[in-house]
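Asker: my questions are about this predicted structure, shown below with the sequence.
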Amino acid sequence: MKLIKKSILLLALAGGTFLSGGKAYAQQTLVDVRVDSAAILIGEQTVLHLTVTADKDKAVQLVIPRDTLMAGVEVLEIPKADSTLIENDRLLIEQDLLVTSFDSSLYLLPPFMVIDGADTVYSNQVALKVSTVPVNADKPEEFYDIKNVWKPPFVLADYYPWIFGVLLTLFLICVVAYVIKRMRNRQSILPFKKPEPKLPPHEQAIKELDEIKQQKLWQQGRSKEYYTLITDTLRRYIVDRFGINAMEMTSAEILDIIRKQHEADSVYENLKQILNLSDFVKFAKMNPLPDENDLSMVNAYLFINQTKIEEVATPEVAETEEKTTETNDSNITKE
């Protein structure tokens with residue numbers, strides 16, 4: 001009895017050795033398919049996992065549909081296959097497929113085909129059940145109408161460009177209005193800029209005559225410009241000194257009014273010489289002699305100096321200046 005058991009054990013070992021040896025030298029290509037979820041709703045997605053095991057030296061080709069597996073089942077994505085070398089010089093190829101369906105039914109997916117040299121190997125088949133969204137027809141109150149499109153939530157940051165644009169526009173409008181107002185009032189545009197003290201009329205006129213004299217206009221043949229500047233200076237002086245709108249008057253009108261001013265009796269003829277000669281130069285294109293040009297400038301100075309009003313310091317101003325002087329003297333003494 002013991003001998004029979006030993007013989008059976010030896011035969012079993014021999015058979016196992018034979019089978020394992022045959023598997024090592026004549027191994028077949030294996031193809032397996034499994035699905036993540038065998039039951040989905042319409043429009044949902046699931047993944048098919050295709051596994052191929054073959055000898056590493058064999059040229060294995062996977063035949064995979066690109067668009068549809070079968071009528072009703074669509075292929076959405078086919079990622080790149082992953083290959084791994086395993087034991088016994090075998091190659092494991094893993095390929096995933098993302099599929100979906102928009103028709104409710106029970107689908108028996110066709111087997112995948114793998115070309116192994118001259119042989120063709122097929123995978124197992126898997127089932128995929130696609131169901132519609134469950135609806136309880138006995139409770140119509142659970143059915144709702146299509147909802148309106150939701151408005152995006154209010155986010156203040158989305159309106160920053162509009163807010164900035166409105167504020168910038170208002171700022172520019174205020175700046176333009178401010179500049180126009182200051183210019184109309186003949187004020188400095190910069191409020192913090194200290195305005196220059198206005199000179200007395202005679203000082204301003206003398207200053208302008210000095211500038212005209214330095215330009216040497218008539219020496220350059222620009223007699224018309226020379227007399228225009230002189231008469232404009234005198235007209236502005238007359239406006240400030242006598243309160244006459246001389247800028248809008250003719251020479252005859254100005255002379256007629258100045259004749260009635262007693263403080264201008266001594267220089268009336270001087271002003272008449274300048275205005276009459278200026279009209280000849282500007283309107284008759286007369287070219288005066290050099291002596292006449294010099295005389296016009298001298299008469300302009302004389303008219304201003306003879307009719308100017310000297311500013312007299314008030315007692316308060318004099319007292320303030322005296323105190324300032326005493327303070328400065330005391331500071332110098334202390335030092």
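Answerer: Arrived safely, thanks for sending.
Asker: below-threshold pLDDT in the stretch 151-300 of the chain: ranges please.
Answerer: 186-188, 191-196 (pLDDT under 70).
Asker: tell me the SS of the residue nearest to the spatial centre of the chain?
Answerer: Residue closest to the average C-alpha location in the chain (Cα atoms, centre = their mean): Pro161, at 9.2 Å. Secondary structure assignment for Pro161 (DSSP: H, G, I helix; E, B strand; the rest coil): helix.
Asker: so what's Leu217 closest to, chain neighbours aside?
Answerer: Leaving aside its chain neighbours, Leu217 sits nearest to Tyr226 (3.9 Å; criterion: Cβ to Cβ, 6 or more residues apart in numbering). Every residue, glycine included, has its C-beta placed from N, CA and C.
Asker: name the element the one you found belongs to?
Answerer: Assigning secondary structure by DSSP states H and E places Tyr226 in helix 223-242.
Asker: equivalent analysis for Lys260, please.
Answerer: With DSSP H and E as the test, Lys260 turns up in no helix or strand.
Asker: any idea how far it is from Leu199?
Answerer: Counting by Cβ to Cβ, to the nearest Å, the separation of Lys260 from Leu199 is 27 Å.
Asker: kindly report the same for Ser123.
Answerer: Look at Ser123 and Leu199: by Cβ to Cβ, they are 108 Å apart.
Asker: now Ser37
Answerer: Where Leu199 is concerned, Ser37 sits at a distance of 98 Å (Cβ to Cβ).
Asker: what about Arg236, neighbour count?
Answerer: When neighbours are defined as other Cβ atoms under 10 Å, Arg236 has 16 of them.
Asker: who's in contact with it?
Answerer: Pro201, Gln204, Ala205, Ala246, Met247 (Cβ atoms under 8 Å, 6 or more residues apart in numbering).
Asker: among the residues you listed, name the buried ones.
Answerer: Pro201, Gln204, Ala205, Ala246 (16 or more other Cβ atoms under 10 Å).
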